[in-house]
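Participant: Structure of the sequence below:
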Amino acid sequence: MKKTLSLIAVLAVIGFASAPAQAADHYVSGMGGVSWMNNITPAESYEAASGNQDSNFDLDSGIHALGAVGCDYGNYRFEAEIGYQQNEVKSGVDSANGVVQSYPLEGSRYDMRGDVSVLSLMGNGYYDFHLGGGVDFYATAGVGVAQVSFKDLNSVYNYDEPNNVLYENPDPGYNDHATTLAYQIGAGFAFPVTHNIKLDLRYRYFATTDFTYESDWFGAGNAGITTNVVSHSALLGLRVDF
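Facilitator: Presented below is the predicted three-dimensional model:
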């Protein structure tokens with residue numbers, strides 16, 4: 001999968017670079033909105049003799065911002081995009097060999113703190129369907145790279161088992177990041193505001209390939225944790241021709 005995405009990314013860059021710039025209108029765009037990340041499911045990337053422990057983290061809605069510069073050839077466009085999204089971690093549940101463990105690894109989800117952020121660099125292609133009156137419907141797809149960062153990730157409370165008491169977790173949390181390939185698809189509408197400005201409303205599906213990072217989340221001695229990131233976003237912004 002990573003080799004396929006790498007090839008697509010190279011072809012996209014070659015196509016963008018070789019397109020006749022003098023035949024295109026150029027534009028810049030900026031968008032902001034809300035993102036929803038699917039549950040993140042970190043899993044140990046090795047087989048432990050005592051069995052593996054997996055997690056499932058539930059995330060809150062978060063912020064999402066995009067900026068891009070591109071070339072418009074009429075019905076199709078190419079652009080380079082930088083994006084950032086951040087979502088807070090709400091809760092988690094852990095299991096070993098499919099069996100949920102005791103609190104704060106027991107039974108129900110436990111409260112968590114920290115956030116997950118994604119910084120992405122993407123090459124995108126668009127196809128515009130001109131609906132009349134300057135209104136366009138478009139479909140888009142892109143490939144690129146993403147840096148996924150975990151900041152201050154930890155449970156809110158610890159469990160004092162002998163006394164059956166929860167207490168606030170003093171540990172500042174886990175921090176790490178990893179870089180991986182990413183891809184996205186989306187669709188939207190563009191509405192004219194002036195002769196060179198359009199209002200852009202978009203849905204975006206974004207995903208990374210699986211990546212592995214070093215972690216002491218499950219205890220010392222782990223060879224690494226493997227996971228991926230998937231998100232959905234609703235975005236609104238402006239596109240300015242120049």
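
Participant: contacts, neighbours, all on C-alpha from now
Facilitator: OK.

Participant: After the helix or strand harbouring A182, which helix or strand is next?
Facilitator: Using DSSP states H and E, A182 sits within strand 174-192. Per DSSP H and E, the first helix or strand lying C-terminal to strand 174-192 is strand 197-208.

Participant: Can you list the strands that the next helix or strand after that next one pairs with?
Facilitator: Next along the chain after strand 197-208, taking DSSP H and E as the criterion, comes strand 211-213. When pairs are called by DSSP bridges, strand 211-213 turns out to pair with strand 225-227 (antiparallel).

Participant: low pLDDT regions in the protein?
Facilitator: Filtered on pLDDT under 70, the chain yields the residue ranges 1-22, 46-53, 96-108, 215-223.

Participant: for it, longest strand please?
Facilitator: If you go by DSSP state E, the chain has its longest strand at strand 110-132.

Participant: Quick one: list the elements packing against that strand.
Facilitator: helix 2-18, strand 76-96, strand 135-155 (3 or more CA pairs under 8 Å, 6 or more residues apart in numbering; DSSP states H and E).

Participant: buried stuff in the strand holding A182?
Facilitator: Neighbour counts over strand 174-192 (16 or more other CA atoms under 10 Å) mark 175, 179-192 as buried.

Participant: who does it pair up with?
Facilitator: According to DSSP bridges, strand 174-192 forms sheet pairs with strand 135-155 (antiparallel), strand 197-208 (antiparallel).

Participant: what angle separates that strand from strand 110-132?
Facilitator: 20 degrees (axes from the mean of the first three to the mean of the last three CA atoms, to 10 degrees).

Participant: What about the closest residue to I197 other than its chain neighbours, how many residues nearby?
Facilitator: Nearest residue to I197 in three dimensions, chain neighbours excluded: V240, at 4.6 Å (CA to CA, 6 or more residues apart in numbering). Neighbour count of V240, defined by other CA atoms under 10 Å: 17.

Participant: my guess is V240 contacts M31, does it?
Facilitator: No - contact criterion CA atoms under 8 Å: V240 and M31 do not qualify, at 11.7 Å.

Participant: starting at the chain centroid, how far to the strand holding A182?
Facilitator: 5 Å (CA atoms, centre = their mean, to the nearest Å).

Participant: quick revisit: A strand includes the residue nearest to I197, no?
Facilitator: Yes - assessed by DSSP: H, G, I helix; E, B strand; the rest coil, V240 belongs to a strand.

Participant: partner residues bridging it?
Facilitator: With DSSP bridges as the rule, V240 is bridged to V28, I197.

Participant: With A234 as the reference, measure out to it.
Facilitator: Noted for V240: a distance of 20 Å to A234, by CA to CA, to the nearest Å.
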